[in-house]
Each structure stands twice: as C-alpha cells, then as structure tokens.
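I would like to see how this sequence folds:
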Amino acid sequence: MWIIITYDVSTETAGGRRRLRKMARVCTDYGQRVQKSVFECSVNQVQYEKLRRKALKCIEEEEDSLRFYHMQEPREKHVEEFGCKKVIDFDDPLIV
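Residues are numbered from 1 along each chain as shown. Predicted coordinates:
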C-alpha cells in the first residue's frame, strides 16, 4: 500500500526536538522524505502496523499531530511533481 505520513511536532522544548528527530528516523526507515515533515511510503500491511505503532510512540497527543493518508495506486497516475526534488520510485529497476 502507498501512504503519505505528515507530522507536526512542537519543538519549543528539548523533548519536542528529540521527538521530532525520532519521528523523522522512524519515517525514514519506511519511506522517503518528500518535504520536511512529509514522507511517502510503500509498505505492506505488517510494515504499516509497525510503522504506525512506532510513530504513535513518538508523539505527545496534546502537543503534536500525526496523519496517515492511504493513497490510491498506481502512484504515477495520481501525483504531479514540480520543482527540484523528484521522488525516487524504488519499485522501478535501478540503473547504475
């Protein structure tokens, strides 16, 4: 499944800055960053459940927000990209 993760973590305290770094590490383990607090992930159901559980442990619900968007496949039919940062499609053949 293809999901978009967005988060907003309060960084007013040292604890908030730690949560922000931890959240970014968790998301990086499952997908690729497309903007500062936005990740695209291609995961199966088991990976999604692990990702969701880990991400929920990173936030303080009174201070932070976390969203998971379940997107329609195929990605290339539903996303238009503009600008300098193009997303890498890890399902395509890798040519070196």
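
only C-alpha atoms from now on, for both contacts and neighbour counts.
Noted.

next, count neighbours for Gln45.
Gln45 is flanked by 9 other residues according to other Cα atoms under 10 Å.

and what of Arg21?
Around Arg21 there are 12 residues (other Cα under 10 Å).

check what pLDDT it gets.
We have a pLDDT of 96 for Arg21.

could you do the one 10 residues further on as well?
Taken from the predicted model, the pLDDT recorded for Gly31 is 94.

tell me who's in contact with it.
Contacts of Gly31 were listed using Cα atoms under 8 Å, 6 or more residues apart in numbering, and they are Phe39, Glu40, Cys41, Ser42.

ditto for Phe39
With Cα under 8 Å, 6+ apart, Phe39 has these contacts: Ile4, Ile5, Thr6, Cys27, Thr28, Gly31, Gln32, Arg33.

could you name the specific helix or strand carrying Cys41?
Per DSSP states H and E, Cys41 falls inside strand 38-42.

now for the helix or strand that that strand is followed by, which elements pack on it?
The first helix or strand that comes after strand 38-42 along the chain, using DSSP H and E, is helix 45-58. Other elements packing on helix 45-58 under the criterion 3 or more Cα pairs under 8 Å, 6 or more residues apart in numbering; DSSP states H and E are helix 14-30.
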